[in-house]
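*Asks:* what follows is a predicted protein model with its sequence.
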Amino acid sequence: MITRLRIDQFRKFGGYHVTDLRPVNLLVGENGSGKTTVLEVLHFLRSPNPCSVLTNQAWHRGEVVAERRHRDDSDTYSQATIEHFFMGHSLRQNERISASYTDGAGDETTRFLQIVPVEEVRQLVEQAEYGGRITEKQGASSIVVDEFTVGRKGIPSSIRTGRFARIEESSEKFRVGFQAGDLGSIELRAIWDALNQERRENDVYRLLRDVLDPNIEDLFFEAGHNFVGNGRNGALVGYTGTDRRIPIGSLGNGVFQLLCLAVKLQWAANGIALFDEIGTGLHWSRMGEMWRLIIESARQNNTQIFATTHSLDCLKGLSWVCENYEHLGQFVSVQSIKPELDEAVALPGERLPFAMSQEIEVR
Amino acid sequence: MPGTMDRPEIRVEGENDQHSLVHILLHHGLKYDEKPWPSDHPKFIPAGGKDPLLNSMVDVIKLSTPPAVGFVLDADNPMTDRWNQVSKNLNEVGLALPSTPPLTGLIKYVPKYKTRVGIWLMPDNQRDGKIKDFLQTLIAQDDPLIELAIDSTNEAKSKGATFADKDQPKAVLNTWLAWQEEPGEPYGRAVAKRYFDHDHELAFRFVKWFKNLYDIA
């Protein structure tokens, strides 16, 4: 489990700490404070494919540039750019962004992204010793990622060559579930199939029944649709006592949002689950039960959860759980992300109900 | 903070404290009667007692909206105990306090949380007491009824009135209020109706602390 996080030169964070992390962590803060960036950093740190993660994050944020297909061609295409990950929004030689996390054993793992000269990388590519993706931007740079773990004896456990390094394939079966917005059809079906293979679809049903409606019987995904796009396409919900399944989109946005949350939560067992704007579309009265099941799932499945919210209803739901199920408060931390400080302000779950009763504006 | 509903805060023990202080501030030109009130005017939050106020102090400071957060609480008896409790709290956010509160009220910058913290111990940062003593101080010096209220309350006590000794100031003040133009008004309304002398030096001192803490011109 990640207990501490450090972020250096990543987007708006010059040098920032997030401490006292627990199994379930709710990040709060103003618009533009960096809550989603913290999720992105966690994804970058723990994914077996950090280059893809960064590229996808850039796409998701619309951080793209128009590139010409050929020098004399007016035909252009969109290319993700990573310059906005760097403070000042520009790539400079030897510039580096890095993040580290500390686990329960006290070991610190660091991952960084550094700009090095293209020629250096090309030589190593030719020697087939590289691990990473090469792009050229303004003729200046390439991109490499290095990971090393410093154990308690302070000895790096992976190989590092100068300013360039090999990416070790992660042998650990570790999943990172990241949800920002709806799941697309392809991803939702792929995860659903994986959960069915592992016979864990009942955990998804349980969350839907306990939070929304005990009469939800099952889910079914129709064949024969164009699966690119809306995850709702062809997704049907069966209710007890009815002879026909109903398109999930007919049941309101909250149902689909909760389904996306439930499948990602189960899929991330023994890993980490990241939820941006958790609880969107869910009525305030269901928030408490949603959180109770999330916390229980985290404990049962050894999943660490990081979520963001602006919603007072969402925070009140979490507070309600900490107050009414006192044994669960110890697994919860609320982190107020304030980039003007050196570290996030942590509020342990045990103190959340009192803070809410005192109208402390945690968000 | 233009364009935001958010406001800095000032935490008080209860609603009576809130209403009394807001009306004193109104009499001194602050614009709590405007809608919305200016963004540099803090919102008052009654804590529901001194224990919740003290218990929430550290988290309030850590999570406060800049530029400042203030706390107004009764010194009670002895004042040193209350000051020690406040000091212990402020130590947790990296502040070392003087051994006694300053006459003008405490204002200190907290570097770790980039905010100012203000503390006012009622009545006047110098002696034991409560907000009731603060208000009693604001009664005009030539008021003929306050001495009568004190003597009457003492006589009532000698004849078996059951209020506790620590509540003597409250009994005196409420007796005096019972004899005003509108008998028995709550403190806030009594302040609003100018039963008290808002131009007293102590009122000026409090308002000056308030304005300095929140950077109000």
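*Replies:* Cool, got the structure. Numbers count the residues shown, from 1 in each chain, chains lettered A, B, ... in the order given.

*Asks:* poorly predicted segments of the chain, please.
*Replies:* I went with chain A, as the question did not name one. Flagging of chain A using pLDDT under 70 yields the residue ranges A:51, A:67-73, A:91-94, A:114-182, A:224-229.

*Asks:* um, chain B though
*Replies:* B:1-3.

*Asks:* swap the cut-off to 50 and go again
*Replies:* B:1 (pLDDT under 50).

*Asks:* quick one, strands of it?
*Replies:* Per DSSP state E, chain B carries strands over the ranges B:9-12, B:43-46, B:68-74, B:106-110, B:115-122.

*Asks:* chain center to the first one, what's the gap?
*Replies:* What that stands for is strand B:9-12. 10 Å (Cα atoms, centre = their mean, to the nearest Å).

*Asks:* domain assignment for the chain?
*Replies:* Defaulting to chain A. A:1-48+A:269-363, A:61-169, A:183-267 (automatic domain parsing).

*Asks:* you answered for a different chain; I wanted chain B.
*Replies:* Split by automatic domain parsing, chain B gives B:9-129+B:198-214, B:132-192.

*Asks:* residues contacting residue A:325?
*Replies:* Residue A:325 makes contacts with residue A:292, as judged by Cβ atoms under 8 Å, 6 or more residues apart in numbering or on different chains. In this view, the C-beta of every residue, glycine as well, is placed from N, C-alpha and C.

*Asks:* go on, residue B:178?
*Replies:* residue B:184 are the contacts of residue B:178 under Cβ under 8 Å, 6+ apart.

*Asks:* quickly note the distance from it to chain A.
*Replies:* 33 Å (Cβ to the nearest Cβ, to the nearest Å).

*Asks:* from residue B:148, how far out is that residue?
*Replies:* 11 Å (Cβ to Cβ, to the nearest Å).

*Asks:* up against chain B, what does chain A have?
*Replies:* A:336, A:340-342, A:345, A:347, A:351, A:354-355, A:357-362 (Cβ under 8 Å from any Cβ of the partner chain).

*Asks:* so who does the residue nearest to the spatial centre of chain B touch?
*Replies:* Centroid-nearest residue in chain B, with Cα atoms, centre = their mean: residue B:72, separated by 4.6 Å. Contacts for residue B:72 (Cβ under 8 Å, 6+ apart) come out as B:10, B:11, B:12, B:13, B:17, B:21, B:120, B:122, B:131.

*Asks:* now, which of the residues you listed sits nearest residue A:46?
*Replies:* Nearest to residue A:46, judged by Cβ to Cβ, of the contacts of residue B:72 is residue B:11 at 40.1 Å.

*Asks:* could you double-check that the closest one sits in contact with residue B:52?
*Replies:* No: using Cβ atoms under 8 Å, residue B:11 is not in contact with residue B:52; the gap is 9.3 Å.

*Asks:* deepest of the domains of chain B, which one?
*Replies:* Comparing these by mean neighbour count (mean count of other Cβ atoms under 10 Å in any protein chain shown), domain B:9-129+B:198-214 comes out on top with a mean of 18.

*Asks:* neighbours around residue A:197, how many?
*Replies:* Residue A:197 has 9 neighbours, counted by other Cβ atoms under 10 Å in any protein chain shown.

*Asks:* tell me which residue in the stretch 101-250 of chain A sits closest to chain B.
*Replies:* residue A:102 (20.8 Å; Cβ to the nearest Cβ).

*Asks:* which helices and strands does the helix or strand that residue A:189 is a member of pack with?
*Replies:* Counting by DSSP states H and E, the element that carries residue A:189 is helix A:185-197. Counting contacts by 3 or more Cβ pairs under 8 Å, 6 or more residues apart in numbering or on different chains; DSSP states H and E, helix A:185-197 is packed against helix A:201-211, strand A:216-221, helix A:253-267.

*Asks:* show me which residues of chain B sit near chain A.
*Replies:* Going by Cβ under 8 Å from any Cβ, the residues of chain B near chain A are B:6, B:9, B:45, B:47-48, B:52, B:55-56, B:59-60, B:62-63, B:65, B:112-114.

*Asks:* hmm, 6 Å instead?
*Replies:* For chain B, the contact set with chain A under Cβ under 6 Å from any Cβ of the partner chain comprises B:45, B:56, B:59, B:60, B:62, B:63, B:114.

*Asks:* ok, back up a step: mean neighbour count, the helices and strands packed on helix A:185-197: which tops it?
*Replies:* helix A:253-267 (a mean of 23).
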